[in-house]
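1. got a predicted structure plus its sequence, pasted below:
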Amino acid sequence: MKKPESQTKPRHLLWLRADLRSTDNTALLAACSDKAAEVACVYAITPAQWTKHDVAGVRVDFELRSLSALKTTLEALNIPLLLLHSPDFDSLPAEMAKLASQHDITTVFANRQYEINEVARDEKTAAALAKADIDLQLFHDQCIVPPGKVLKPDGTAYSVFTPFKRNWQTVAGPLSRPQPAPSRRQSAFTKSDSIPAVISNHSSHVDAGVALEWWPAGEEVALQRLADFVRDDLAHYKDRRDFPAQAGVSRLSPYLAIGALSARQCLNAALNHQASYQRRHHESPGHDQWIAELAWRDFYKHVLVAWPRVCRHRPFRLETEPVPWRHDEKDFLAWCEGRTGFPIVDAAMRQLQKTGWMHNRLRMVVAMFLTKDLFIDWRWGEKFFMQHLIDGDLSANNGGWQWSASTGNDAAPYFRIFNPASQSRKFDAEGHFIREYVPELRDLPSRDIHEPHAKGQASLFSVYPAPIVDHGLARERVLQSFKGLKGLQITE
Ligand SMILES: Cc1cc2nc3c(=O)[nH]c(=O)nc-3n(C[C@H](O)[C@H](O)[C@H](O)COP(=O)(O)OP(=O)(O)OC[C@H]3O[C@@H](n4cnc5c(N)ncnc54)[C@H](O)[C@@H]3O)c2cc1C
């Protein structure tokens, strides 16, 4: 399609997806690299797709609030923010081409997403844009090291984390230098759309006040949180990260999931702080451990690209496919609602219900409990997490669930089964976390709070449920089921 004679400046469109920020945004910088170009951003509201992908209402709310903050930042750069309403990925390619044509766009820029439906969407959008003579340029931006760039000597992807991390570390540092926001555009070809406060059928399960207190939106907030964490907590991360009642972790995952913050910005901040810290202390285990968590984030995305079956609800270890997982709705509901009679599990599930987030140690505890103690299909847990997590992310969530279910790459061996009461005594010894989220147990002494029914106090049964499963028997059931798999060969 020919551009109108009157239009002398190239017009570019930056399609925002999981990168809701103006700084260190590879595709945005590329769109703005031509100083004369006029640039607008577009974000697609795709409610039917969100339902298909189990996107949590709390995450939608966070994205909308983040978009509002981003709109202000972008407008100061003379970059308007448009919204494209399109129900799902089927309708999106044609809608995007229509919008781009209407505005006489030369090139659409975007940062890559790696999940299979997102990749297919981009291919179809590229084809639809090409028909209108518009180019789609895609960039690697989500990971610190792009998928496919950390490989074994034989050129294949790593399925085990430790050697992946060793190799990753040799290339990650130099790639972590964040880029600034682009310079202000001279002019803009359109005006911003207004950002809705809510999308119907996608409202948040989290109280608005709690969401604002826990998860204030915007990249400025994200960068400030990062700076505060690095200054105050990073050095102690290794010692404190497993204790949910302590402020030992960064709580940056929601910002990373929607891209209000880049993983490069995180790594860069950690490395800078580590350099000065090491000069004084000669070692920095907290820094090393936190950087390893950023490597886990990259790792699971690399795994998803190398083994896309994990996007299709299939186990990584195909020989675990016949595990006879239970599909017991009553037990599942008790887990979802934090009524299992295991205080640490219930407290964790109620944290998720109340805040849209859960501490990592507890994610492992509740996932292990669902899959091993209740022997319920890990896919049920994975889906429930996606529907309730503000940081829901297919690769990390799938990786975490398959680790817990012993079906994943580098997963917990099937015979390593957490005992919920022991986990509770170890990581919430005084019961502070349990008391916060399970107030019915608030008055119990610390020694009793982890297994409140062990002493058979009749008065407790009216306020707090008895354990819904016998851990010892459940353990045997898992061991038998997994042992039965030995020797099974399943081909893809
Ligand atoms: C069953 C299960 C489900 C999970 N689902 C998700 C999910 O949907 N989204 C998500 O972001 N994380 C998920 N995780 C990983 C981890 O629990 C969270 O990233 C972490 O709790 C977020 O808190 P934080 O920001 O304080 O992390 P920090 O401890 O401060 O770590 C910094 C960052 O590193 C990354 N990270 C840390 N641990 C992991 C990990 N194990 N895998 C991948 N990345 C990691 C996150 O981006 C995190 O924000 C899951 C883990 C399990 C066991």
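-> It's in.
2. all contacts plus neighbour counts: C-alpha atoms, from now on.
-> Fine.
3. buried stuff in stretch 129-142?
-> Buried residues in stretch 129-142, counted by 16 or more other Cα atoms under 10 Å: 129, 132-142.
4. please apply the same query to stretch 438-451.
-> 438, 441, 446, 449-451.
5. any buried residues in stretch 344-364, and which?
-> Neighbour counts using 16+ other Cα under 10 Å place 344-359, 362-364 of stretch 344-364 among the buried residues.
6. so which of those residues would count as near the ligand as well?
-> Near the ligand, judged by Cα under 6 Å from any ligand atom, the entries from the buried residues of stretch 344-364 are 359, 363-364.
7. can you add pLDDT and secondary structure and give those residues back as a markdown table?
-> As requested, these are exported to a markdown table (pLDDT from 0 to 100; DSSP: H, G, I helix; E, B strand; the rest coil):
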| residue | pLDDT | secondary structure |
| --- | --- | --- |
| His359 | 98 | coil |
| Arg363 | 98 | helix |
| Met364 | 98 | helix |
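8. of those residues, closest to Asp122?
-> Using Cα to Cα, Arg363 is the member of those that lies nearest Asp122, at 32.1 Å.
9. mind listing what that closest one touches?
-> Ala348 (Cα atoms under 8 Å, 6 or more residues apart in numbering).
10. try 10 Å
-> 345, 348-349, 352, 357, 369, 385, 397, 400-401, 404 (Cα atoms under 10 Å, 6 or more residues apart in numbering).
11. those into CSV, with extra columns for secondary structure and distance to Leu29?
-> Formatted as CSV, the contacts of Arg363 follow (DSSP: H, G, I helix; E, B strand; the rest coil; distance: Cα to Cα, whole Å):
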residue, secondary structure, distance to Leu29
Val345, helix, 45
Ala348, helix, 40
Met349, helix, 40
Leu352, helix, 36
Trp357, coil, 32
Phe369, helix, 45
Phe385, helix, 34
Asn397, helix, 30
Gly400, helix, 33
Trp401, helix, 36
Ser404, helix, 39
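12. output those residues in JSON lines, with pLDDT appended to each entry.
-> Converted to JSON lines, these look like this (pLDDT from 0 to 100):
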{"residue": "Val345", "pLDDT": "98"}
{"residue": "Ala348", "pLDDT": "98"}
{"residue": "Met349", "pLDDT": "98"}
{"residue": "Leu352", "pLDDT": "98"}
{"residue": "Trp357", "pLDDT": "98"}
{"residue": "Phe369", "pLDDT": "98"}
{"residue": "Phe385", "pLDDT": "98"}
{"residue": "Asn397", "pLDDT": "98"}
{"residue": "Gly400", "pLDDT": "97"}
{"residue": "Trp401", "pLDDT": "97"}
{"residue": "Ser404", "pLDDT": "97"}
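13. between those, which is closest to Glu123?
-> Of all the contacts of Arg363, Asn397 has the smallest distance to Glu123: 25.0 Å, by Cα to Cα.
14. pretty sure the closest one contacts Tyr300?
-> Yes. Assessed by Cα atoms under 10 Å, Asn397 is found in contact with Tyr300 at 9.0 Å.
15. name the SS class of Val108, please.
-> strand (DSSP: H, G, I helix; E, B strand; the rest coil).
16. what is the burial count for it?
-> 26 (other Cα atoms under 10 Å).
17. ok, what's across the strand from it?
-> Going by DSSP bridges, Val108 is paired in beta bridges with Leu13, Leu136.
18. so which of the buried residues of stretch 129-142 are in helices?
-> Among the buried residues of stretch 129-142, the ones falling in helices (DSSP state H) are Leu129.
19. out of the buried residues of stretch 129-142, who's nearest the ligand?
-> Checking these against the ligand with Cα to the nearest ligand atom, the nearest one is Gln142 at 10.9 Å.
20. quick revisit: can you redo the ones next to the ligand among the buried residues of stretch 344-364 as CSV with distance to Trp50?
-> Formatted as CSV, those follow (distance: Cα to Cα, whole Å):
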residue, distance to Trp50
His359, 24
Arg363, 23
Met364, 25
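21. tell me if stretch 129-143 is near the ligand.
-> No. Judged by Cα under 6 Å from any ligand atom, stretch 129-143 makes no contact with the ligand; its nearest approach is 10.3 Å.
22. now do the domain split for the chain, please.
-> 11-142, 208-306, 318-483 (automatic domain parsing).
23. name the residues of the chain found near the ligand, please.
-> Counting by Cα under 6 Å from any ligand atom, the chain sits next to the ligand at 249-253, 256-257, 293-294, 296-297, 359-360, 363-364, 367, 391-393, 396-397, 400-401.
24. filter those down to the buried ones, PyMOL style.
-> Those of these that count as buried under 16+ other Cα under 10 Å are selected in PyMOL with:
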select buried, resi 249+250+251+252+253+256+257+294+296+297+359+363+364+367+391+392+393+396+397+400+401
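25. among the residues of the chain next to the ligand, which are located in helices?
-> Among those, DSSP H puts 253, 256-257, 293-294, 296-297, 360, 363-364, 367, 396-397, 400-401 in helices.
26. for the stretch 251-400 of the chain, what spans make up the helices?
-> In the stretch 251-400 of the chain, the helices defined using DSSP state H, counting those that start in this stretch lie at 253-258, 263-281, 285-306, 329-336, 343-355, 360-368, 378-388, 394-405.
27. Ala18 is nearest to which of those helices?
-> helix 253-258 (4.6 Å).
28. how distant is that closest one from the center of its chain?
-> 6 Å (Cα atoms, centre = their mean, to the nearest Å).
29. name the nearest residue to whichever residue of the stretch 101-250 of the chain sits closest to the ligand, sequence neighbours excluded.
-> Among all residues of the stretch 101-250 of the chain, Ser250 sits closest to the ligand, at 3.6 Å; criterion: Cα to the nearest ligand atom. Using Cα to Cα, 6 or more residues apart in numbering and skipping the chain neighbours, the partner closest in space to Ser250 is Phe229 (5.9 Å).
30. do the same with Trp290
-> In this structure, Trp290 finds its nearest non-sequential neighbour in Tyr237, 6.9 Å apart by Cα to Cα, 6+ apart.
31. mind listing what that neighbour touches?
-> Here Tyr237 is in contact with 229-230, 247-250, 284-290 (Cα under 10 Å, 6+ apart).
32. can you check Glu440 too?
-> By Cα under 10 Å, 6+ apart, the contact set of Glu440 is 434, 460, 463-464.
33. again with Arg339
-> 331-333, 345-347, 349-350, 438, 464-468.
34. rerun at 7 Å
-> Applying Cα atoms under 7 Å, 6 or more residues apart in numbering to Arg339 gives the contacts 346, 465.
35. same question, the one 10 residues further on
-> The neighbours of Met349, taking Cα under 7 Å, 6+ apart as the test, are 336-338.
36. filter the residues you listed to the buried ones?
-> 336, 338.
37. what's the residue of the stretch 101-250 of the chain closest to the ligand sitting at in phi/psi?
-> phi -80, psi -20 (degrees, to the nearest 10).
38. give me the distance from stretch 176-195 to the chain's centre.
-> 25 Å.
39. for that stretch, which positions count as buried?
-> 176, 178, 181-182, 185, 188-189, 192, 195.
40. before we move on, back to that, take the buried residues of stretch 438-451 and keep only those in strands.
-> If you go by DSSP state E, the buried residues of stretch 438-451 have nothing in strands.
41. pLDDT and distance to His53 added to those residues, as JSON lines?
-> Shown next, in JSON lines, are the buried residues of stretch 438-451 (pLDDT from 0 to 100; distance: Cα to Cα, whole Å):
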{"residue": "Val438", "pLDDT": "98", "distance to His53": "31"}
{"residue": "Leu441", "pLDDT": "95", "distance to His53": "36"}
{"residue": "Ser446", "pLDDT": "95", "distance to His53": "41"}
{"residue": "Ile449", "pLDDT": "96", "distance to His53": "38"}
{"residue": "His450", "pLDDT": "97", "distance to His53": "36"}
{"residue": "Glu451", "pLDDT": "96", "distance to His53": "37"}
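42. cool, thanks, talk later.
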